[in-house]
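S.K.: Build me a model from this:
(chains A and B)
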Number of protein chains: 2
Amino acid sequence: MSLITATTRAALEELLETALRPAPDNWLKIRFGSELIGHVQPDYIPTIEAYIEQAETPALVRFGDHLQLENLPPFLLSQLLQDLAEFLKNHQAAPGWRNEHFSWLDAMGHERFRMERAAFRSLGFHSRACHINGYTAHQEIYLGLRSNSKATDPNMLDNLAAGGISADETLQQCVIRELWEEAGVPLNIARLVQPIGHIHVRRIVEPKGLHDESLYTYDLLLPDDFTPQNNDGEVSEFIKVPFSQAANLILEGALTPDAAAVTAEFLLRKA
Amino acid sequence: MSLITATTRAALEELLETALRPAPDNWLKIRFGSELIGHVQPDYIPTIEAYIEQAETPALVRFGDHLQLENLPPFLLSQLLQDLAEFLKNHQAAPGWRNEHFSWLDAMGHERFRMERAAFRSLGFHSRACHINGYTAHQEIYLGLRSNSKATDPNMLDNLAAGGISADETLQQCVIRELWEEAGVPLNIARLVQPIGHIHVRRIVEPKGLHDESLYTYDLLLPDDFTPQNNDGEVSEFIKVPFSQAANLILEGALTPDAAAVTAEFLLRKA
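M.R.: Numbering: from 1, shown residues only, chains lettered A, B, ... in the order given. Below you'll find the predicted structure:
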């Protein structure tokens, strides 16, 4: 018998189906070759135009009704994009600066550029993150309460561990690192992590930018004698709730939108 | 005007089209879930059966007409597969042992297991490599002569740099490492490398195994004052030949099959 009602199940399914939203029509498109890869909100367009005006070699050029990303060797393009990112930061158009680089991969898996992760949102570029569902043999799931100092979604519930995949990091390295930093999971437990799939999400985030991310999902069955403990100050406490209560918390809006999608997908499989 | 004749062009196109061959029908299939992921040549089947017999928890089980790979957390499955690899090695069924791990990625990009690279061929698992076409502004391409001590394809011509992508390595890390190890290309030149695409090759290799690999291709325009120099003993010398001569060397069979495919694709674009 399912641990959640048919109505709850339908609500979780709908939440998952609406996690990937289109970018608004009036945002400026960015293309790489003929591929649509980014979107800039109207408020930032004058800043981008000022950058193109002043840069000797700009990473982006205005081309008809869109911006065109130059097809340069990734190392050179990354240098230009990092200059653009710094310019955006200096003009208050790259909120949540982290001093951490994300890579942008093309459809074949080649890294085509890397840049400060905060600027990925300003330009609406696709990024990647890992999310781990930590659960117990007693149909309970762990959720972490994000600390009130986090730049995005403070005081909201998140997965056991979750985080962006940095440039020069494989998925598996990211999972092991985040499990340790965010939840104190040692390698002898972390090595039981099971890959599941990925969920593509896209939505506007405040301060205005486009969050377009593949969430790589994992399940981790935690032994009864293990209690997660945060190591990096990003989580203030962990709660352990029955699957049915986790579903209610999702539907009440207590989870970050990404954790809501990842947890909903988990509950639809397990509850 | 093209630097190669229409006949040569047609021959290079055919070489590329036939680079991906099916596994022989009489080889034993390996499945992971319902996906076909490996093939074992008939001579190795008794060794695999002996491994299944003696292992307490085998990585593979016989299931009807095929072998089924267990769907375990990647770290645990990797341990079992490494035991299998060692067993194959001890029974002369994993030639070319390298003490280097390859990762196997599923269609979504999750690492599902890793194992000694030599055993990937014994089991016909899909692997990944990077290949870099080094060329000059004068329509010349560099080819490396593989040293006579290489386990595979000794004394054959190869790309400027090429090599398997190790577990815990991103494509870009592999490219930079191979360019330095194999051809002494410093970072200030290596950073001009341009990603192109990938070529999927599959063929039987002697001693008998199945080479099933995605070759991630890159172009690198080398300045006139740079001469490649091997650092790891895997290349005995480099030659620099006009594009038209490179095409002839391919058609004469002087290149390794992988380098032939990568160079053919390059010449079809550039010559």
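
S.K.: correct me, but residue A:66 touches residue A:32?
M.R.: No. Using C-beta atoms under 8 Å, residue A:66 is not in contact with residue A:32, being 10.8 Å away. To be clear about C-beta, it is placed using only N, CA and C from the backbone, and glycine gets the same treatment.

S.K.: out of these two, which sits in the busier spot?
M.R.: residue A:32 (20 against 17; other C-beta atoms under 10 Å in any protein chain shown).

S.K.: my guess is that one contacts residue A:112, does it?
M.R.: Yes. The criterion here is C-beta under 8 Å, and residue A:32 meets it with residue A:112 at 6.9 Å.

S.K.: what touches both of these two?
M.R.: The contact sets of residue A:32 and residue A:112 overlap at residue A:106 (C-beta atoms under 8 Å, 6 or more residues apart in numbering or on different chains).

S.K.: number of nearby residues for residue A:171?
M.R.: The burial count for residue A:171: 21, using other C-beta under 10 Å.

S.K.: Ok, the one 5 residues further on next?
M.R.: Around residue A:176 there are 19 other residues, counting by other C-beta under 10 Å.

S.K.: Leaving aside the residues adjacent along the chain, what's closest to it?
M.R.: Using C-beta to C-beta, 6 or more residues apart in numbering or on different chains and skipping residues adjacent in sequence, the residue nearest residue A:176 is residue A:190, 5.4 Å away.

S.K.: check contacts around the one you found.
M.R.: Counting by C-beta under 8 Å, 6+ apart, residue A:190 makes contact with A:175, A:176, A:179, A:180, A:220.

S.K.: same deal with residue A:125?
M.R.: A:30, A:37, A:38, A:102, A:104, A:115, A:212.

S.K.: Quick check: the gap between it and residue A:31.
M.R.: Distance of residue A:125 to residue A:31, given as C-beta to C-beta, to the nearest Å: 12 Å.

S.K.: residues shared between the contacts of the two?
M.R.: With C-beta under 8 Å, 6+ apart as the test, residue A:125 and residue A:31 both reach residue A:37.

S.K.: Other residues contacting the helix or strand where residue A:79 lies?
M.R.: Per DSSP states H and E, residue A:79 falls inside helix A:74-90. Helix A:74-90 has contacts (C-beta under 8 Å, 6+ apart) with A:44, A:47-48, A:50-51, A:54-55, A:57-60, A:69-72, A:94, A:97, A:110-116, A:118-119, A:122, B:172, B:191-195.

S.K.: Throw together a ChimeraX command that grabs the buried residues out of those residues.
M.R.: Typed into ChimeraX, the next command selects the buried ones out of the contacts of helix A:74-90 (criterion: 16 or more other C-beta atoms under 10 Å in any protein chain shown):
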select /A:44,47,48,51,58,59,60,69,72,94,110,111,112,113,114,115,116,118,119,122 /B:172,191,192,193,194,195
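
S.K.: pLDDT score for residue A:146?
M.R.: We have a pLDDT of 88 for residue A:146.

S.K.: Please give me every residue in contact with it.
M.R.: Contacts of residue A:146 by C-beta under 8 Å, 6+ apart are A:153, A:154, A:155, A:156, A:157, A:158, A:234, A:235, A:236, A:256.

S.K.: Need the phi and psi values for it.
M.R.: phi -60, psi 140 (degrees, to the nearest 10).

S.K.: partners of residue A:214 in the sheet?
M.R.: In this structure, residue A:214 has the following beta-bridge partners (DSSP bridges): residue A:128, residue A:200.

S.K.: Can you add distance to residue A:165, secondary structure and pLDDT and give the contacts of residue A:190 back as JSON lines?
M.R.: As requested, the contacts of residue A:190 are exported to JSON lines (distance: C-beta to C-beta, whole Å; DSSP: H, G, I helix; E, B strand; the rest coil; pLDDT from 0 to 100):
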{"residue": "A:175", "distance to residue A:165": "9", "secondary structure": "helix", "pLDDT": "98"}
{"residue": "A:176", "distance to residue A:165": "12", "secondary structure": "helix", "pLDDT": "97"}
{"residue": "A:179", "distance to residue A:165": "14", "secondary structure": "helix", "pLDDT": "97"}
{"residue": "A:180", "distance to residue A:165": "15", "secondary structure": "helix", "pLDDT": "96"}
{"residue": "A:220", "distance to residue A:165": "17", "secondary structure": "strand", "pLDDT": "98"}
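
S.K.: Report the two of these separated the most.
M.R.: A:180 and A:220 (12.4 Å; C-beta to C-beta).

S.K.: For residue A:33, which non-adjacent residue is closest in space?
M.R.: residue A:71 (6.3 Å).

S.K.: just residue A:97 next, same as before
M.R.: residue A:118 (4.7 Å).

S.K.: My guess is residue A:38 contacts residue A:30. True?
M.R.: Yes. Residue A:38 is within contact range of residue A:30, at 3.4 Å (criterion: C-beta under 8 Å).

S.K.: For the two, indicate the residue with more neighbours.
M.R.: residue A:38 (24 against 21).

S.K.: a helix runs through that one, doesn't it?
M.R.: No. Counting by DSSP: H, G, I helix; E, B strand; the rest coil, residue A:38 is not found in a helix; it is strand.

S.K.: For it, which residues are in contact?
M.R.: Residues near residue A:38 by C-beta under 8 Å, 6+ apart: A:29, A:30, A:67, A:69, A:123, A:124, A:125, A:210.

S.K.: Tell me who's in contact with the first one.
M.R.: Residue A:29 makes contacts with A:36, A:38, A:39, A:65, A:66, A:67, as judged by C-beta under 8 Å, 6+ apart.

S.K.: what's the distance between it and residue B:186?
M.R.: From residue A:29 over to residue B:186 the distance is 38 Å, taken as C-beta to C-beta.

S.K.: which phi and psi does residue A:165 have?
M.R.: With angles defined as degrees, to the nearest 10, residue A:165 sits at phi -90, psi 110.

S.K.: so how far is residue A:215 from it?
M.R.: Distance check for residue A:165 against residue A:215: by C-beta to C-beta, it reads 10 Å.

S.K.: which residues do the two both contact?
M.R.: A:129, A:130.

S.K.: which bits of chain A sit near chain B?
M.R.: For chain A, the residues in contact with chain B (C-beta under 8 Å from any C-beta of the partner chain) are A:73-76, A:103, A:106, A:108-112, A:168-173, A:191-195, A:197-198, A:216.

S.K.: Next, the buried residues of the least confident helix or strand in chain A by mean pLDDT.
M.R.: One helix or strand of chain A scores below all others by mean pLDDT, DSSP states H and E: strand A:60-63, with a mean of 91. For strand A:60-63, the neighbour count (16+ other C-beta under 10 Å) marks residue A:60 as buried.

S.K.: mind listing the helices in the stretch 101-250 of chain A by residue range?
M.R.: A:117-123, A:171-183, A:187-190, A:243-252 (DSSP state H, counting those that start in this stretch).
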